[in-house]
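Engineer: Have a look; sequence and predicted model below, questions after that.
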Amino acid sequence: MKRLLILSMLFLIFTGCSRTPINGLVPARGQVLYDGSPIGGVGIVFTPDANSGSDRFANGVTKDDGTFELETAGYKGILPGTYIVTLSKTSTKSKITEAEEKKLLAENKPIPNAEIIYHIPYKYNNPMLSEIKIEIDKNGKKDVKIELMPDNTPPPVSDI
């Protein structure tokens, strides 16, 4: 009886905890360039276009050489279809020093929001402004090249 219980638990561990694969995923990889140079640390999201034929997002992050590989729900690949592509690379910078922050905390006063720094133009982060559309066919796409250019479109006031 004890042996049966152990075997049942092992079966559940190795089969019950696995995710169900997504049928139809095809490979998709490429490179992101900003102002002609590869850029690392860029988050990429492929959002299905309204008439895409796909209902799943795909995402990836560029390596230092600007290359990326897309995943869908943790699986390598993307479903064929048309996608709107958004890209983002941000960091934050405190508006006050660490000593000032400690003083405000000690006085139970609010700390000012950190400044968001956009390392690529904000417009690429917004699907309404991005204007990047990519078609992935049933064979996948192994040479996606996304070239971003400087742009002065300001982020919305809520992001400043």
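Structural biologist: Perfect, thanks for sending it.

Engineer: Verify the stated contact: residue 150 with residue 35.
Structural biologist: Yes - if you go by Cβ atoms under 8 Å, residue 150 and residue 35 touch, sitting 5.8 Å apart. No exception for glycine: its C-beta is placed from N, CA and C like everyone else's.

Engineer: what's the least confident helix or strand in this structure, going by average pLDDT?
Structural biologist: One helix or strand of the chain scores below all others by mean pLDDT, DSSP states H and E: helix 2-11, with a mean of 41.

Engineer: Name the next helix or strand downstream of that helix, please.
Structural biologist: strand 28-34 (DSSP states H and E).

Engineer: Show me what that following strand packs onto, helices and strands only.
Structural biologist: Strand 28-34 sits against strand 67-69, strand 141-148, with contacts defined as 3 or more Cβ pairs under 8 Å, 6 or more residues apart in numbering; DSSP states H and E.

Engineer: buried sites along the first one?
Structural biologist: The neighbour-count criterion (16 or more other Cβ atoms under 10 Å) identifies 68-69 as the buried residues of strand 67-69.

Engineer: ditto for the last one
Structural biologist: Within strand 141-148, the residues that count as buried by 16+ other Cβ under 10 Å are 141, 144, 146, 148.

Engineer: Any idea how far that strand is from the middle of the chain?
Structural biologist: 15 Å (Cα atoms, centre = their mean, to the nearest Å).

Engineer: What angle do strand 28-34 and that strand make with each other?
Structural biologist: 20 degrees (axes from the mean of the first three to the mean of the last three Cα atoms, to 10 degrees).

Engineer: tell me which element residue 100 falls in.
Structural biologist: Per DSSP H and E: helix 98-106 holds residue 100.

Engineer: Where does pLDDT dip in the protein?
Structural biologist: Along the chain, the parts satisfying pLDDT under 70 run over 1-19, 157-160.

Engineer: at 80 what do you get?
Structural biologist: 1-21, 51-54, 152-160 (pLDDT under 80).

Engineer: list the contacts for residue 28?
Structural biologist: 46, 58, 69-70, 77-78, 136, 140-142, 144 (Cβ atoms under 8 Å, 6 or more residues apart in numbering).

Engineer: Distance to residue 154 added to those residues, as JSON lines?
Structural biologist: Shown next, in JSON lines, are the contacts of residue 28 (distance: Cβ to Cβ, whole Å):
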{"residue": "46", "distance to residue 154": "25"}
{"residue": "58", "distance to residue 154": "29"}
{"residue": "69", "distance to residue 154": "32"}
{"residue": "70", "distance to residue 154": "29"}
{"residue": "77", "distance to residue 154": "36"}
{"residue": "78", "distance to residue 154": "31"}
{"residue": "136", "distance to residue 154": "32"}
{"residue": "140", "distance to residue 154": "36"}
{"residue": "141", "distance to residue 154": "32"}
{"residue": "142", "distance to residue 154": "36"}
{"residue": "144", "distance to residue 154": "28"}
